[in-house]
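Colleague: sequence and predicted model, in that order:
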Amino acid sequence: MNLSFNKNEDHNKLLWSSIRQKFVTITFGGGKKQLQKIRDQGKMTARERVKHLIDSDTEALEIGAFAAQGMYEKHKGCPAAGVIVVLGYIHKRLCVIVANDASVKAGAWFPMTGKKNLRAQEIALENRLPIIYLVDSAGVFLPLQDEIFPDKEHFGRIFRNNAKMSSKGILQIAAIMGSCVAGGAYLPIMSDESLIVDKTGSIFLAGSYLVKAAIGESIDNETLGGATTHTEISGVVDYKVKDDATALDHIRALMNKVGAPETAGFNRIEPIAPKRDENELYGLLPSSRNQPYDTYPILECLVDDSELQEYKKGYGKTLITAYARIDGWSLGIIANQRKVVKSSQGEMQLGGVIYGDAADKATRFIANCNQKKIPLLFLQDVTGFIVGSKAEHSGIIKDGAKMVNAMSNSVVPKFTVIMGNSYGAGNYAMCGKAFDPRLIVAWPSAEMAVMGGSQAAKVLMQIEASSRKKKGELIDEAQQEKLYKKIKEGYDKQTSPIHAASHLWTDAIIDPITTRQWISRGIEAANQAPIEETFNMGVLQV
């Protein structure tokens, strides 16, 4: 390995190590004292519950671990948005599991808690996966109620989704393992089956204090809405269990009796490991986001037997389009080629930029994958579409629109991995969050923004300098440089993978060598949802 490879390897491993350290802190939720307080109440913590529930010989993939990271500092933060969401197996059946973390503000719902819960339900809906709710929440976080209560994508959408999933036959099981109050009480009862833990679980529209204030009735919470009340008097809940472990074992027993799902019929054969070592990914990806590199070796680390069946290899070379397999699953890959390439007309084309011929090729490839019922994988390291008079005169907007149209109307499941740059319209064309990828994950090297930090900072600095000049404030080169650095520092923070993950623009920041695992799990999930639509691109400007 050369010096450049070793430098890249050190850089990318340090990036992942930094992400990993931040994740470890997140796993402590509201802090060790709060976690111990939960245990002292005879309960398991949220992460302990999830671990107990899933098959012991499997690993769950966590969705939205960095949600709300760096937010709500005025309220001392909200790690992981106060809720744990995973894709995990229960008796070999892939499920979405949602567990309130009562160590974070008693499991209260912040705005990002609502967004993360909706994302969990979206994954279950799209893939027709069973969803398990482990409820332990004090309800809406009142100081921020106006940001979570009344809008379309706020708290109420959860219950709408409960009803929609039930109508579609998507299994929902809820365990009330702590507090479940006010509007939140509807979530477990709108599920197909519900359990409640004796003495620690409670469910009511209003607690004893509010009941006293509202109607003058004096009653304790256990009598008002405890396990015995709701399993023997009201009949609201289906099962009473003695403790958390019993509740989780009961859910496992229920899942062990569920019938097999229909499948979409995606093609899978026996997996073959890549010929190229996945660990090389750290050294193949440059430490600088501006540095060109060859994407083919990256793909050779990801696909089965390092084998690509490339579509239109000699045309539109700034995009690689190829059929391949990952963990045995057949899929179509659309990847940005980051090195400078020569077009079919002999012109040099910039790596990471989408040209008209590449967009045309991708459009045709997407249509082919839809016709053959092959899922799509987008590997992003894109700075955008080519600009300039020649590009405009040749119709780059039309070519780009065709690609976006095909990608938007694709009926086969789409998956997105952001390896590096994800800028501007390139993010859109390569299936960014707005275009409904079944899963979208980022490597620690990812950057997501309208444009790169250097370019944006220069533009913003020039605007600021012009504004000051109009006011008669002249700034010399040293002041301009200082201003540029200040703007770039703030902009770079906004483009970081943690910033994107904190807003749930991505589902996870992943170790590059786990990419195959994430894509395989995603296709397995998608395979449980038969395709019911027909691919149709609508009206195009040909």
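Modeller: Nice, I can see it.

Colleague: can you show me the strands along the stretch 351-500 of the chain?
Modeller: Secondary structure of the stretch 351-500 of the chain (DSSP state E, counting those that start in this stretch): strands at 353-354, 376-382, 384-385, 414-423, 439-442, 447-449.

Colleague: in the protein, where is pLDDT below threshold?
Modeller: 1, 452-453, 540-542 (pLDDT under 70).

Colleague: which residue of it sits farthest from its center?
Modeller: residue 472 (47.8 Å; CA atoms, centre = their mean).

Colleague: ok, residue 270 - contacts?
Modeller: residue 328 (CB atoms under 8 Å, 6 or more residues apart in numbering). To be clear about C-beta, it is placed using only N, CA and C from the backbone, and glycine gets the same treatment.

Colleague: is it true that it lies in a helix?
Modeller: No: applying DSSP: H, G, I helix; E, B strand; the rest coil, one finds residue 270 to be coil, outside a helix.

Colleague: and it, how far from residue 92?
Modeller: 18 Å (CB to CB, to the nearest Å).

Colleague: residue 500 too?
Modeller: 33 Å.

Colleague: of these two, who's got more company?
Modeller: residue 500 (23 against 10; other CB atoms under 10 Å).

Colleague: got a list of what the more buried one touches?
Modeller: By CB under 8 Å, 6+ apart, the neighbours of residue 500 are 442, 446, 448, 506.

Colleague: next one: residue 284
Modeller: Residue 284 touches 5, 8, 293, 297-298, 301, counting by CB under 8 Å, 6+ apart.

Colleague: for residue 448, see how far away it is.
Modeller: 21 Å.

Colleague: how about residue 326?
Modeller: 23 Å.

Colleague: again, but for residue 17
Modeller: Taking CB to CB as the measure, residue 17 and residue 448 are separated by 21 Å.

Colleague: more neighbours: which of these two?
Modeller: residue 448 (23 against 12).

Colleague: any idea how far that one lies from residue 316?
Modeller: Residue 448 is 24 Å from residue 316, by CB to CB.

Colleague: which residues in the stretch 51-200 of the chain form strands?
Modeller: Using DSSP E, counting those that start in this stretch, strands in the stretch 51-200 of the chain cover 61-63, 83-90, 93-100, 131-137, 172-181, 193-197.

Colleague: same list (these) but as TSV, adding distance to residue 333 and mean neighbour count.
Modeller: As requested, these are arranged in TSV below (distance: least, CB to CB, whole Å; neighbours: other CB atoms under 10 Å):
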stretch	distance to residue 333	mean neighbour count
strand 61-63	21	22
strand 83-90	22	24
strand 93-100	23	24
strand 131-137	30	27
strand 172-181	34	26
strand 193-197	41	25
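
Colleague: of these, which approaches residue 218 most closely?
Modeller: strand 172-181 (18.3 Å; CB to CB).

Colleague: contacts for the longest helix along the chain, please.
Modeller: Longest helix in the chain, counting residues (DSSP state H): helix 3-26. Residues outside helix 3-26 that contact it (CB under 8 Å, 6+ apart): 1, 65-66, 69, 79-80, 281-287, 444-445, 497-498, 509, 511-512.

Colleague: and if you look at stretch 353-366?
Modeller: Residues from elsewhere that reach stretch 353-366 (CB under 8 Å, 6+ apart): 311-312, 315-319, 321, 332, 334, 336, 343-344, 349, 376, 382-386, 391, 394-396, 399-400, 402-403, 405-407, 410, 426, 429.

Colleague: only the buried subset of those residues, as a ChimeraX command please.
Modeller: A single ChimeraX command selects the buried members of those (16 or more other CB atoms under 10 Å):
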select :311,312,316,317,318,319,321,332,334,336,343,349,376,382,383,384,385,386,391,396,399,400,402,403,405,406,407,410,426,429
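
Colleague: narrow the contacts of stretch 353-366 to those in helices?
Modeller: Among the contacts of stretch 353-366, the ones falling in helices (DSSP H) are 391, 396, 399-400, 402-403, 405-407, 426, 429.

Colleague: for those, which one is nearest residue 171?
Modeller: Nearest to residue 171 among the ones in helices among the contacts of stretch 353-366, with distances taken as CB to CB, is residue 407, at 31.0 Å.

Colleague: that closest one: what's it in contact with?
Modeller: For residue 407, the contacting residues are 362, 366, 376, 414, 429, 431, 435, by CB under 8 Å, 6+ apart.

Colleague: shouldn't the last one be in contact with residue 414?
Modeller: Okay, so that is residue 435. Yes: using CB atoms under 8 Å, residue 435 is in contact with residue 414, at 7.2 Å.

Colleague: counting neighbours, go ahead and name the busier of those two.
Modeller: residue 414 (25 against 18).

Colleague: that one against residue 433, yeah?
Modeller: No: at 11.3 Å, residue 414 and residue 433 do not qualify as touching, with contact defined as CB under 8 Å.

Colleague: which residues touch residue 245?
Modeller: Residue 245 sits next to 44, 52 when contact means CB under 8 Å, 6+ apart.

Colleague: tell me how many other residues crowd residue 54.
Modeller: Neighbours of residue 54 (other CB under 10 Å): 22.

Colleague: can you give me the helices in the stretch 151-300 of the chain?
Modeller: With DSSP state H, counting those that start in this stretch, the ranges of helices along the stretch 151-300 of the chain come out as 156-167, 186-189, 208-215, 221-225, 227-228, 244-255, 281-284, 296-302.

Colleague: now do the stretch 401-542 of the chain
Modeller: 424-429, 453-470, 477-495, 497-502, 515-526.

Colleague: quick one: distance of the longest one to the chain centre.
Modeller: To tie it back to what came earlier, the one meant is helix 477-495. Distance, stretch centre to chain centre, for helix 477-495: 30 Å (CA atoms, centre = their mean, to the nearest Å).

Colleague: packing partners of it?
Modeller: strand 447-449, helix 453-470 (3 or more CB pairs under 8 Å, 6 or more residues apart in numbering; DSSP states H and E).

Colleague: redo these as JSON lines? Include distance to residue 44.
Modeller: Putting those into JSON lines (distance: least, CB to CB, whole Å) gives the following:
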{"stretch": "strand 447-449", "distance to residue 44": "36"}
{"stretch": "helix 453-470", "distance to residue 44": "43"}
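
Colleague: residue 202 and residue 513, how far apart?
Modeller: From residue 202 to residue 513 the distance is 44 Å (CB to CB).

Colleague: neighbour-wise, which of these two wins?
Modeller: Comparing residue 202 with residue 513 by other CB under 10 Å, the one with more neighbours is residue 202, at 23 against 16.

Colleague: is that one bridged to anything, and to what?
Modeller: residue 179 (DSSP bridges).

Colleague: just checking, it touches residue 225?
Modeller: Yes: using CB under 8 Å, residue 202 is in contact with residue 225, at 4.8 Å.

Colleague: give the contact list for residue 195.
Modeller: With CB under 8 Å, 6+ apart, residue 195 has these contacts: 173-176, 237-241, 247, 250-251.

Colleague: mind running it again at 7 Å?
Modeller: 175-176, 237-239, 241, 247, 250 (CB atoms under 7 Å, 6 or more residues apart in numbering).

Colleague: still on that earlier bit, okay if I get the strands of the stretch 51-200 of the chain as TSV plus distance to residue 356?
Modeller: Formatted as TSV, these follow (distance: least, CB to CB, whole Å):
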stretch	distance to residue 356
strand 61-63	36
strand 83-90	38
strand 93-100	40
strand 131-137	43
strand 172-181	47
strand 193-197	54
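
Colleague: these: which one's closest to residue 455?
Modeller: strand 61-63 (32.0 Å).

Colleague: ok, that closest one: who's next to it in the sheet?
Modeller: Sheet pairing of strand 61-63 (DSSP bridges) gives strand 83-90 (antiparallel).

Colleague: now the angle from the strand it pairs with to strand 93-100?
Modeller: Counting by axes from the mean of the first three to the mean of the last three CA atoms, to 10 degrees, strand 83-90 lies at 160 degrees to strand 93-100.

Colleague: what residues does strand 83-90 touch?
Modeller: Here strand 83-90 has contacts from 46-47, 50, 53-55, 58, 60-64, 94-101, 113, 116-117, 120, 252, 255, 521, 525, using CB under 7 Å, 6+ apart.

Colleague: brilliant, that's me finished.
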